[in-house]
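>>> Sequence first, then the predicted structure:
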Amino acid sequence: MKVKIQIVVESDNGDSQVVQEIMQIERGALQPENLGLKLAEAKTLLQNLQHTLAEQQVAEYSQQQELCLHCTKKLLHKDKRTIVYRTLFGKLHLQSHRLFHCPCQKQATRSFNPVANLLPERTSRELLYLESKFGSLMSYGLSVKLLQEVLPIEGEINTTAIRNNLHTIGQRLEDELGEEKGGYIKGCPRDWEELPRPDLPLVLGMDGGYVRSYDKKSLSKGNFEVIVGKSIKADGTSKRFGGVYCYDTKPQRRIFEVLTSLGMQMNQQVTFLSDGDEKIRELQFYLNPNAEYLLDWFHITMRLTVMTQTAKGLSKKDTELDTDIPKELERIKWYLWHGNVFRALQLVKDLVDDLEIVIFDGNSPLEVKKLFKMVREFESYISNNGSYIPNYGERWRNGEAIATGFVESTVNQVISKRFVKKQQMRWTPKGVHLLLQVRILLLNEELESKFQQWYPGFRVDSKPSQEIPHVA
C-alpha cells in the first residue's frame, strides 16, 4: 500500500495555486509495528508541512508589500536575503526581498526588509514557551533531549540556546517589575477607613536555601543564599516568589507585588512569619500598616527537639546534675507555646549555668559540650526574637497561622528540586535569579497568561496541569 500526502494552497477566491506532495508512505502486510504513523514519520510530515506552509505564507506576504502604501507604485528590489526562523517543527530558511522606499514619502532609511521587520524575534513564541517551561522544570540538557524526542528539531536546539532564551524572559520579567522604594505604605489612616471592608488576613512566610556557586574559591564561599516565600489567602489561593539575596535589587517590590496581586489593601491585616533571620525580617517591613511579625513556631520546636534528643543520650554520670534536662526543655517549650518569654528565658539561663559548671569542672564528655553550645545559641535566639513570640496556643485554637511548614515545602519545590537535589551543577547568582523568576511564574500557573500578555495571538491548546511534575 502506498499513501501520498499533498498540500493544496488556495487563494482567497478559492482558486488552487499550489499542489505539492510533501510525503509518501509505503506499507506492507499489516503488523503491530506498522499500524498507523510512526514517530519518525510524523516528525518528517510536520517538518515538510511547516516548510511548505511557511514558504507560501512568506511569498504571499512579500508580494503584498511590493506596492507603496501611499501611491500604490511598485517598489524596486534591492537584493534578496535569507532569514533563519526557529519553530516547533524545524528551522526555517525564509527568502525575503529588501525593497527601496518609495520617493513619495521621506523615510529614515533608503531600504527595508518587510519580512525581517515582521519577525524581529527569530524564535517562534510556541517554541520559546516550551523551552522556558521545560528549562525551568528540569536541567537544560534534559530539556533538549525531551524536545528533540518529540519534535522534528534534532540538531537544531542546544542547551545554550535554551538557557539564553530563558534568561531573556527572566530579565524581561525583572524589567517589568517596578522600582524598589523605601516603603510601600500608601495614604494615611483616614484614607484607609474609606476603603472597602478587607478580607481575612493574608499570611506570608519566608525562608532561605543555599545553591552551589560556580566559583568555589573556599568552603565558606562555596554557596550563596536564595530567599523564597509564599503568600496565602484565607480561601487557599497562594503565590510564590523568590530571588538570590546577593543579586536581587528589588526584593521588597517583589513581595509587595505578590501581596497586591492577592488583593492586599492598606486596611487589611498581614501576618509575616519567618525563622528569625534578621535580613529576612527586614524585607517584610514597611509593606503594610497593619502587619504583624511573628517568629515561626516550627523553628523553635525544631531546635528544642534536637536539644531534647541530645540530652536523652546523656546519662546522669555524664552531666552529674540533679536537673532532668529533657523535662526542663519540655517546660521551656510549654512556656514559649503560651508566649511567656520571660519565664522561658529564666529556665534557659538556669540550664546554661548548670551545664557551664559541669564543663568548667573538666572531663566532661563531648556530648555535654555540644548540648551546652546548643542551649547557649537557643538563649540568644529567643532573646533576639522575644518580641516576635506570641501566644502560639491561643492563635492555634483560633485557627491562626503559627508555623511556616508551607514555606519549607516551597523551598523544596522552588529551590531543591531544580538546583540542589541530585543536581551536580554549579550556578551563578544571575543565572539562578533569572531562572527562578520563570520557574516561579510556572509554579504559580501564570507563565501562559504572561506569554498571552506579551504576544496577544499566543495560545496553548492544552490546559496547564494542577501539579508540576518532578523530574529527577
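Sure, I can see it.

>>> OK, contacts around Trp192?
Shown in contact with Trp192 (Cβ atoms under 8 Å, 6 or more residues apart in numbering): Gln265, Met266, Asn267, Pro289. C-beta coordinates here come from the backbone N, C-alpha and C atoms, glycine included.

>>> can you tell me how far Pro201 sits from Arg395?
With the distance defined as Cβ to Cβ, to the nearest Å, Pro201 ends up 11 Å from Arg395.

>>> same deal with His338?
To Arg395, His338 is 11 Å away according to Cβ to Cβ.

>>> so the residue lying closest to Val420 once chain neighbours are set aside is in which element?
What sits nearest to Val420 in space, not counting adjacent residues and going by Cβ to Cβ, 6 or more residues apart in numbering, is Val211, at 6.5 Å. If you go by DSSP states H and E, Val211 is part of strand 202-212.

>>> Give me the packing partners of that strand, helices and strands only.
Applying 3 or more Cβ pairs under 8 Å, 6 or more residues apart in numbering; DSSP states H and E, one finds that strand 202-212 contacts strand 223-232, helix 251-261, strand 270-274, helix 278-282, helix 405-411.

>>> Where does pLDDT dip in the stretch 301-450 of the chain?
315-322, 361-363, 421-424 (pLDDT under 70).

>>> cutoff 90 now
Where the stretch 301-450 of the chain drops to pLDDT under 90, the residues are 310-326, 353-369, 401, 403-426.

>>> Strands of that one, start to end?
Read by DSSP state E, counting those that start in this stretch, the stretch 301-450 of the chain holds no strands at all.

>>> which residues does Tyr455 contact?
Arg125.

>>> Tell me how many other residues crowd Asp175.
7 (other Cβ atoms under 10 Å).

>>> ok but it is inside a strand, no?
No. Asp175: not assigned to a strand; according to DSSP: H, G, I helix; E, B strand; the rest coil it is helix.

>>> Distance-wise, check it relative to Thr168.
11 Å.

>>> how about the nearest residue to Ser238, chain neighbours excluded?
Nearest to Ser238 is Ile232, by Cβ to Cβ, 6+ apart, at 4.5 Å.

>>> residues in contact with that neighbour?
The neighbourhood of Ile232, defined by Cβ under 8 Å, 6+ apart, consists of Leu202, Val203, Leu204, Ser238, Phe406.

>>> Report the buried residues of stretch 168-175.
For stretch 168-175, burial by neighbour count (16 or more other Cβ atoms under 10 Å) applies to Thr168, Ile169, Gly170, Leu173, Glu174.

>>> now do stretch 300-319
Buried-residue list, stretch 300-319, by 16+ other Cβ under 10 Å: Ile300, Thr301, Arg303, Leu304, Met307, Thr308, Thr310, Ala311, Leu314, Asp318, Thr319.

>>> Between which two of these is the distance greatest?
Ile300 and Asp318 (25.9 Å; Cβ to Cβ).

>>> Backbone dihedrals for Phe241, please?
Main-chain dihedrals, Phe241, degrees, to the nearest 10: phi -150, psi 170.

>>> just checking, it touches Leu443?
No. Counting by Cβ atoms under 8 Å, Leu443 is not a contact partner of Phe241; they are 10.2 Å apart.

>>> Of these two, which one has the most company?
Looking at Phe241 and Leu443 with other Cβ under 10 Å, you find the greater number of neighbours at Phe241, namely 24 against 20.

>>> Beta-bridge partners for the more buried one, please?
With DSSP bridges applied, Phe241 shows beta-bridge pairing to Gly229.

>>> need the contact list for it.
Counting by Cβ under 8 Å, 6+ apart, Phe241 makes contact with Val228, Gly229, Lys230, Ser231, Arg254, Ile255, Val258, Ile440.

>>> how about a cut-off of 6 Å?
Gly229, Arg254, Val258 (Cβ atoms under 6 Å, 6 or more residues apart in numbering).

>>> same check, this time on Tyr335
Taking Cβ under 6 Å, 6+ apart, we find Tyr335 in contact with Arg343, Ala344.

>>> how close does it sit to Glu400?
Tyr335 sits 20 Å away from Glu400, taking Cβ to Cβ as the criterion.

>>> how does this structure divide into domains?
Annotated domains of the chain cover 2-122, 189-296+404-427, 298-388 [automatic domain parsing].

>>> Looking at the first one now, give me its mean pLDDT.
Model confidence over domain 2-122, given as mean pLDDT, is 88.

>>> how far does that domain sit from the chain's center?
36 Å (Cα atoms, centre = their mean, to the nearest Å).

>>> hang on, the earlier thing: mind listing what's buried in the strand holding Val211?
For strand 202-212, by 16+ other Cβ under 10 Å, it's Leu202, Val203, Leu204, Gly205, Met206, Asp207, Gly208, Gly209, Val211, Arg212.

>>> now swap in stretch 73-89 and tell me
Here stretch 73-89 shows Leu75, Ile83, Tyr85, Arg86, Thr87, Leu88, Phe89 as buried, counting by 16+ other Cβ under 10 Å.

>>> burial of the nearest residue to the third one once chain neighbours are set aside, as a residue count?
The shortest distance from Tyr85 to any non-neighbouring residue, by Cβ to Cβ, 6+ apart, is to Leu92 (4.5 Å). Residue neighbour count, defined by other Cβ under 10 Å, stands at 21 for Leu92.

>>> For Leu92, identify the helix or strand it belongs to.
Assigned by DSSP H and E, Leu92 belongs to strand 90-100.

>>> just checking, what packs against that strand?
Counting contacts by 3 or more Cβ pairs under 6 Å, 6 or more residues apart in numbering; DSSP states H and E, strand 90-100 is packed against helix 39-64, strand 77-87.

>>> What are the contacting residues of the last one?
Strand 77-87 has contacts (Cβ under 6 Å, 6+ apart) with 92-94, 96-98, 100, 111, 115-116, 119, 122-124, 127.

>>> In the residues you listed, find the pair that's most separated.
Phe100 and Leu127 (33.4 Å).

>>> neighbour-wise, which of those two wins?
Using other Cβ under 10 Å, the more surrounded residue of Phe100 and Leu127 is Leu127, with 21 against 14.

>>> ok, Leu142 to Arg163 distance?
Here the criterion is Cβ to Cβ. By it, Leu142 lies 13 Å from Arg163.

>>> just checking, Val352 touches Val375?
Yes. Val352 is within contact range of Val375, at 5.4 Å (criterion: Cβ atoms under 6 Å).

>>> element containing the residue lying closest to Glu131 once chain neighbours are set aside, please.
Leaving aside its chain neighbours, Glu131 sits nearest to Ile162 (4.8 Å; criterion: Cβ to Cβ, 6+ apart). Per DSSP H and E, Ile162 falls inside helix 159-176.

>>> On the C-terminal side of that helix, identify the next helix or strand.
With elements assigned by DSSP H and E, the helix or strand that comes after helix 159-176 is helix 189-193.

>>> Look up which helix or strand the closest residue to Ala161 other than its chain neighbours falls in, please.
Among residues not flanking Ala161 along the chain, Glu131 sits closest, at 7.5 Å (Cβ to Cβ, 6+ apart). In the assignment (DSSP H and E), Glu131 maps to helix 125-137.
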